[in-house]
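[1] what follows is a predicted protein model with its sequence.
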Amino acid sequence: MSKPQPEVVAWPGAAVSPSARARQLLTFALRQGLPVALWRLPGAARPQLCLSFSAEAALAGLPPALTPEAPAGFAFFPFRDSDRNPALFLPADVFWDADRPAELLVQSAGSGVSQLLGFLTSPDGLTDGDMPWHLSRQPLPHPASRAEYTALVETGVDAIRHGQVMKVVSSRAARRPLPAGFDALRAFENLGQRYPQAFVSLVSAPGAGTWLGASPEVLVEIGADGVFRTMALAGTQPLTPGMVPNQAIWRQKEIEEQALVSRYIVNCFKQLRLREYDETGPRTTVAGQLLHLRTDFAVNLHNVPFPTLGTDMLRLLHPTSAVGGMPKQAALSFLHQHEGYDRAYYSGFLGPVNLPQAGVARLFVNLRCLQLRTSEAVLYAGAGLTIDSDPEREWNETEMKLSTVAAALQ
Ligand SMILES: C=C(O[C@H]1C=CC=C(C(=O)O)[C@@H]1O)C(=O)O
């Protein structure tokens with residue numbers, strides 16, 4: 001049976017700016033206690049939004065299927081699936097694209113749609129104060145002090161030296177007060193301007209809270225061109241003034257750290273017995289004020305008949321060794337035992353599936369992100385450890401990574 005096709009409905013209210021329309025849609029969702037996601041794809045000028053009429057329907061359990069027949073919506077997946085951090089897939093009951101601001105794509109006419117259209121007809125003057133962002137009910141994560149993080153790095157290097165793991169990505173949370181008059185939508189727009197090549201997102205959902213981020217890392221992409229893509233992104237150094245990115249020099253530590261991520265991806269292809277992939281890199285890539293090493297992997301699905309490749313690879317890849325480590329299970333147990341806080345949705349994945357076009361999926365690793373709480377933000381960052389890691393350098397690296405999203409708090 002074919003999927004029901006969404007209907008185009010004209011925006012019922014005044015012809016205000018795309019930003020004001022996004023605020024109206026967000027406000028409607030939040031006041032109704034519904035999940036909502038707003039995102040701006042890398043290189044795109046304007047954002048897109050997806051809203052679900054039921055919070056329960058967004059509780060997914062499994063990673064999404066990435067086939068054209070699968071439901072359209074927005075995936076929001078934690079680092080580890082648990083009752084505390086449920087795996088979400090926000091069905092696209094309403095989809096809005098700021099490139100076509102006067103149109104709403106609705107899945108089926110019903111009471112949710114009538115309420116939304118009623119609200120949009122007379123939304124009254126809205127400000128951020130009117131936006132009751134969803135807040136996580138989980139305890140605030142413990143922010144690691146410099147001494148605690150240093151001890152974690154030392155324990156990680158020891159575990160590598162003793163052969164328990166080859167690589168592990170140790171991370172930490174940091175808490176920052178929200179500035180007076182903080183407006184999450186403006187912060188999202190600000191991140192979009194600062195980081196044109198990032199996947200910028202603002203997701204608010206019951207149970208998960210509200211998350212804002214600017215990710216540089218594709219987890220799985222199936223493009224309109226029928227090409228499956230993923231990347232191995234690791235190794236970090238600052239982009240200093242006057243530096244030419246493709247002349248950056250990398251130490252053996254970063255080369256090895258990134259090569260392990262590439263090897264992990266190649267192993268996932270091997271598990272699926274797929275040999276026909278293209279591998280390009282590693283090359284230096286810019287992510288805000290940072291440089292990383294990146295290898296791109298691509299499979300042309302027109303030439304390789306493998307309809308479930310996206311779904312299968314997503315399930316094998318997450319969490320990659322760019323956020324967990326190698327071997328995967330040993331690294332994850334190390335983190336569970338020693339990291340000392342709940343990553344929640346940091347280093348999970350997120351992005352649109354079959355939205356708006358069936359067969360297209362864009363999933364990113366949830367990096368360079370923060371979680372909103374009542375009067376503060378929780379920021380997250382990690383750094384890949386190898387046998388050559390130096391605790392002070394790793395602390396500085398997490399500081400640099402935190403400053404990517406901290407820019408939204410200025
Ligand atoms: C884990 C993070 O980054 C990953 C992606 C790129 C470079 C990384 C690194 O150099 O350690 C990490 O693997 C993070 O930003 O929190």
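    That came through, no problem.
[2] for the stretch 51-200 of the chain, what spans make up the strands?
    Remark: strands assigned in the stretch 51-200 of the chain by DSSP state E, counting those that start in this stretch are 73-77, 88-91, 94-97, 103-106, 167-177, 199-205.
[3] what does the stretch 101-250 of the chain put close to the ligand?
    Val169, Ser171, Glu217, Leu233, Ala234, Gly235, Thr236 (CB under 6 Å from any ligand atom). Placement of C-beta: from N, CA and C, glycine included.
[4] mind listing what the strand or helix carrying Phe364 pairs with, with the direction of each?
    For Phe364, the host element (DSSP states H and E) is strand 361-365. Sheet pairing of strand 361-365 (DSSP bridges) gives strand 218-222 (antiparallel), strand 349-353 (antiparallel).
[5] average pLDDT for the first one?
    In this case it means strand 218-222. Strand 218-222 comes out with an average pLDDT of 98.
[6] and it with strand 73-77, angle?
    Counting by axes from the mean of the first three to the mean of the last three CA atoms, to 10 degrees, strand 218-222 lies at 150 degrees to strand 73-77.
[7] what lines up beside the helix or strand following strand 218-222 in the sheet?
    Using DSSP H and E, the helix or strand that directly follows strand 218-222 along the chain is strand 227-238. Using DSSP bridges, the strands paired with strand 227-238 in its sheet are strand 218-222 (antiparallel), strand 290-300 (antiparallel).
[8] using PDB, write down the CA coordinates of strand 227-238.
    What follows is strand 227-238, C-alpha atoms only, in PDB (Å, rounded to 0.1, in the frame of the first residue of the first chain):
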ATOM      1  CA  VAL A 227      24.200   8.400  -3.500                       C
ATOM      2  CA  PHE A 228      24.800   7.000   0.000                       C
ATOM      3  CA  ARG A 229      27.400   9.000   1.900                       C
ATOM      4  CA  THR A 230      29.100   8.900   5.200                       C
ATOM      5  CA  MET A 231      32.400  10.300   6.600                       C
ATOM      6  CA  ALA A 232      35.200   9.600   9.000                       C
ATOM      7  CA  LEU A 233      35.700  12.900  10.900                       C
ATOM      8  CA  ALA A 234      38.400  13.100  13.600                       C
ATOM      9  CA  GLY A 235      41.600  14.900  14.600                       C
ATOM     10  CA  THR A 236      41.300  18.600  15.700                       C
ATOM     11  CA  GLN A 237      43.400  21.700  15.600                       C
ATOM     12  CA  PRO A 238      42.500  25.400  15.800                       C
END
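[9] quick one: buried residues of it?
    Residues of strand 227-238 classed as buried by neighbour count (16 or more other CB atoms under 10 Å): Phe228, Arg229, Thr230, Met231, Ala232, Leu233, Ala234, Gly235, Thr236, Gln237.
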